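Q: Compute the structure for the input listed below.
(2 chains)
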Protein chains: 2
Amino acid sequence: MAIDPPYLLFLGDAADELAAKTARGVAHWRPDRCLGQVRLPGCKADLGLPDKTIDQGAAEGARSVVVGVANRGGVISEAWTDALERALDAGMDVAAGLHARLNDVPRLAEAAARNGRRLHDVRHPTRQFSVADGKTRPGKRLLTVGTDCSVGKMYTSLALDAELKRREVDADFRATGQTGILICGEGVSVDAVVADFISGAAEWLTPANEPDHWDVVEGQGSLFHVSFAGVSLGLLHGSQPDALVLCHEPTREHMRGLPTYGLPTLADTIARNEELARLTNPAVATVGVAVNTAAMDAGAARRYLRETEDALGLPAVDPVRDGVARLVDVLP
Amino acid sequence: MAIDPPYLLFLGDAADELAAKTARGVAHWRPDRCLGQVRLPGCKADLGLPDKTIDQGAAEGARSVVVGVANRGGVISEAWTDALERALDAGMDVAAGLHARLNDVPRLAEAAARNGRRLHDVRHPTRQFSVADGKTRPGKRLLTVGTDCSVGKMYTSLALDAELKRREVDADFRATGQTGILICGEGVSVDAVVADFISGAAEWLTPANEPDHWDVVEGQGSLFHVSFAGVSLGLLHGSQPDALVLCHEPTREHMRGLPTYGLPTLADTIARNEELARLTNPAVATVGVAVNTAAMDAGAARRYLRETEDALGLPAVDPVRDGVARLVDVLP
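A: Modelled structure (predicted):
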């Protein structure tokens, strides 16, 4: 599964800017792949890209329409179906990361078959994986891990990948969730894999590579999140990381979705991840901390980062405010 | 999903006794549910149960045919289809725990629909689960955990359940794998659940109960097995065990299927499981050790158990040689 660029980013009738968060991620991280945006009447989001109709995009060479909008319930809106069917008839593929499947909408499935085009439901793995074999593979791997879900692991991973590439280091971002897959055009939504194959899917996603090549693997969940720790552990074992980057959001009052569960400390999160990661890579080491300080003012953010550095003896940055160069500086 | 007793145990054309291991488990643990065995020409296995034809079994009141035989590749043999279709036509359900699905065999799917009967593919969960919420539930729970896969967790769990019931303690065996499900007639094959829902499925399987009720939960895999640790961790978090029983096979030279991975020590396995289990149940404690000494002579087994008790300060038994009364004695 690889989504062919260039993309038309489909914003549909997005109720607000937040609803188009996925499209914004694609436009931010892969501007070179984005030919324009498609907005339906009533759309309240704007990525600042050229507005195109489906037909204009197709005529200008777009090869895939990426549904970059979420609506309540994750369903595929009736309002979207006309436009997406038109895209298939115009010779483009369609990709989406919604809970609902494009392939389950009969008009879209028929239009794809009729035109020989593909529907990418990136949240739903279509291939079979093997169980993990735990064999050591050449190449270097970095995994972002978190105190909690939704603390900036994807953003940090993409920033690390971009910084490595800027330094002309051979690197690949390895997407493990739907937004990451839509951004990079391929990957595996590991939380949607059958449980027996979590670590096997992570091995498949980060195969043997050149000794100096870095896979930058998007982490998922947290070992301390009771709903998703199994996914986090399978990803940790399968990706065999040499380097961990810890991601954190300091104003979070409890684990996401779990009001009675407090957050672990940074030190405990590092210790737990390293302890469990050693099973498949005894040389694993945490190289730094990425903090999402969006909810803090600049002074508080700077103080928090400095205190974190002092307490842990590791570089601590906000990837948005500071970039991640100081983390890449210390990679083994 | 609950498989209605009484059962006819279907041995098909089993190549040897080992191929009928699942049927043997059902006959051993639930003799009251087993009306007889069905053997096809060439069958080399014998459970010692009365031989029945499909029609005899149906006439005597059997309600389900349980496919208790494995063949190479886990497929549904052509040789079996006639008999299983006959069972559906005679008004019985059919259950199997193979990789291949009964529901994917057109003749069986059609016969089930025609007769209003059910095909239970117990390895493949059919219901949707929620993500785990981590809320504490009343009732007591015991989980068997292992140094490795296939060290006796199912047998130990069934033995503990039987001993609790013998003492008139209110208890349920909670099956998490296909053989366990066929033995007890219900359960969830947790390794076949979508990864996001492992711990949610474990919560569903072990719901709130009376304060003195014990759920005895069949463990899966091992936190030290790189292929399956994610499943083991989700099950540990979701089942919120009060008590752990550690299962081990002392003659195993490496982790099952992983020639380069040695086994963890018993002490490390206890420490790791307790450390991770505390997230959802801070009061978790390991109560004892169940050792599969089948490959040792009686003297060596006795010495090994005594040394284990001395080293860990916990009762250590072989459930087959000794029973598990000494483990039940020390339950909280």
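
Q: Now the closest residue to A:Leu314 other than its chain neighbours, what are its backbone angles?
A: Distances taken as CB to CB, 6 or more residues apart in numbering or on different chains put A:Gly288 closest to A:Leu314, at 5.0 Å, once the chain neighbours are dropped. Where you see a C-beta, it was placed from the backbone N, CA and C, and this is true even at glycine. The phi/psi pair for A:Gly288 (degrees, to the nearest 10) reads phi 180, psi -180.

Q: and what of A:Leu142?
A: Residue torsions, per degrees, to the nearest 10, at A:Leu142 are phi -120, psi 140.

Q: A:Val317 now?
A: According to degrees, to the nearest 10, A:Val317 has phi -130, psi 160.

Q: thinking again about what came up before, beta partners for the residue nearest to A:Leu314?
A: A:Val245 (DSSP bridges).

Q: Burial check on it, number of neighbours?
A: 24 (other CB atoms under 10 Å in any protein chain shown).

Q: shouldn't it be in contact with A:Arg326?
A: Yes: if you go by CB atoms under 8 Å, A:Gly288 and A:Arg326 touch, sitting 7.0 Å apart.

Q: between these two, what contacts are shared?
A: A:Pro315, A:Val317 (CB atoms under 8 Å, 6 or more residues apart in numbering or on different chains).

Q: Only the buried residues of stretch A:51-60, if you could.
A: Residues A:Lys52, A:Ile54, A:Gln56, A:Gly57, A:Ala58 are the ones in stretch A:51-60 that count as buried (16 or more other CB atoms under 10 Å in any protein chain shown).

Q: Up against chain B, what does the stretch 101-250 of chain A have?
A: Contact residues (CB under 8 Å from any CB of the partner chain) of the stretch 101-250 of chain A with chain B: A:131-135, A:190-196, A:198-200, A:223-224, A:226-235, A:237-238.

Q: Filter those down to the buried ones.
A: Of these, these count as buried by 16+ other CB under 10 Å: A:131-134, A:190-196, A:198-200, A:223-224, A:226-235, A:237-238.

Q: any idea which residue sits dead centre in chain A?
A: A:Gly180 (2.7 Å; CA atoms, centre = their mean).

Q: element containing that residue, please.
A: Secondary structure assignment for A:Gly180, by DSSP states H and E: helix A:178-184.

Q: And that helix, what does it pack against?
A: For helix A:178-184, the elements it packs on are helix A:21-29, helix A:153-166, strand A:171-174, judged by 3 or more CB pairs under 8 Å, 6 or more residues apart in numbering or on different chains; DSSP states H and E.

Q: now these as JSON lines including distance to B:Asp104?
A: Converted to JSON lines, these look like this (distance: least, CB to CB, whole Å):
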{"stretch": "helix A:21-29", "distance to B:Asp104": "35"}
{"stretch": "helix A:153-166", "distance to B:Asp104": "37"}
{"stretch": "strand A:171-174", "distance to B:Asp104": "33"}
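
Q: And the pLDDT at the residue in the stretch 51-200 of chain A positioned nearest to chain B?
A: Among all residues of the stretch 51-200 of chain A, A:Gly134 sits closest to chain B, at 3.7 Å; criterion: CB to the nearest CB. pLDDT, A:Gly134: 97.

Q: which residues does the nearest residue to it once chain neighbours are set aside contact?
A: Excluding the flanking residues, the one nearest A:Gly134 by CB to CB, 6+ apart is B:Val226, at 3.7 Å. Applying CB under 8 Å, 6+ apart to B:Val226 gives the contacts A:Ala132, A:Asp133, A:Gly134, A:Ser199, A:His237, A:Gly238, A:Leu279, A:Thr280, B:Met255, B:Leu258, B:Tyr261.

Q: The same query, at a cut-off of 7 Å, please.
A: Listed by CB atoms under 7 Å, 6 or more residues apart in numbering or on different chains, the contact set of B:Val226 reads A:Ala132, A:Gly134, A:Ser199, A:His237, A:Leu279, A:Thr280, B:Leu258, B:Tyr261.

Q: do A:Thr269 as well
A: A:Thr269 touches A:Thr147, A:Phe224, A:Leu246, counting by CB under 7 Å, 6+ apart.

Q: Of the residues you listed, which is the nearest to B:Asp172?
A: A:Phe224 (29.4 Å; CB to CB).

Q: excluding its backbone neighbours, what's nearest that closest one?
A: A:Pro264 (4.5 Å).

Q: May I see the buried residues of stretch A:311-320?
A: A:Leu312, A:Leu314, A:Pro315, A:Ala316, A:Val317, A:Asp318, A:Pro319, A:Val320.

Q: Averaged pLDDT, it. What do you get?
A: 98.

Q: need the helices for the stretch 101-250 of chain A, in chain order.
A: With DSSP state H, counting those that start in this stretch as the criterion, the stretch 101-250 of chain A has helices at A:106-115, A:153-166, A:178-184, A:198-205, A:229-239.

Q: contact partners of stretch A:43-57?
A: A:8-9, A:11-17, A:19-20, A:23-24, A:27, A:34-39, A:83, A:86-87, A:90.

Q: Name only those of the residues you listed that count as buried.
A: A:8-9, A:11-15, A:19-20, A:23-24, A:27, A:34-39, A:83, A:86-87, A:90.

Q: Count the residues that sit near A:Ser77.
A: 17.

Q: swap in A:Glu186?
A: For A:Glu186, using other CB under 10 Å, the count is 17.

Q: How about it, nearest residue that isn't a chain neighbour?
A: A:Ala2 (4.5 Å).

Q: mind checking pLDDT for that neighbour?
A: So, for A:Ala2, pLDDT stands at 91.

Q: what about it, helix or strand, and which?
A: A:Ala2 belongs to no helix or strand, assigned by DSSP H and E.

Q: How much space separates it from A:Arg118?
A: Distance, A:Ala2 to A:Arg118, using CB to CB, to the nearest Å: 10 Å.

Q: the more surrounded of those two?
A: In terms of neighbours (other CB under 10 Å), A:Arg118 is the more surrounded of A:Ala2 and A:Arg118; the figures are 18 against 12.

Q: show me the contacts for that one.
A: Per CB under 7 Å, 6+ apart, neighbours of A:Arg118: A:Asp93, A:Ala112.

Q: again, but for the one 3 residues further on
A: Under the criterion of CB under 7 Å, 6+ apart, the contact list for A:Asp121 reads A:Ala96, A:Arg101, A:Leu102, A:Asn103.

Q: Filter those down to the buried ones, PyMOL style.
A: Burial among those is assessed by 16+ other CB under 10 Å; the matching PyMOL selection reads:
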select buried, chain A and resi 96+102+103
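
Q: which of the contacts of A:Asp121 lies closest to B:Val330?
A: A:Arg101 (50.5 Å).

Q: A:Ile3 - nearest residue in space that isn't next to it in sequence?
A: Per CB to CB, 6+ apart, closest to A:Ile3 is A:Gly185, 4.3 Å.

Q: and if you look at A:Val324?
A: Per CB to CB, 6+ apart, closest to A:Val324 is A:Ala159, 4.6 Å.

Q: so where is chain A shaky, pLDDT-wise?
A: A:1 (pLDDT under 70).

Q: Show me how the record splits it into domains.
A: A:7-121, A:140-329 (automatic domain parsing).

Q: Now do the end-to-end distance for the longest one.
A: Using CA to CA, to the nearest Å, the gap from the first to the last residue of domain A:140-329 comes to 15 Å.

Q: Please consider this matter closed, and thank you.
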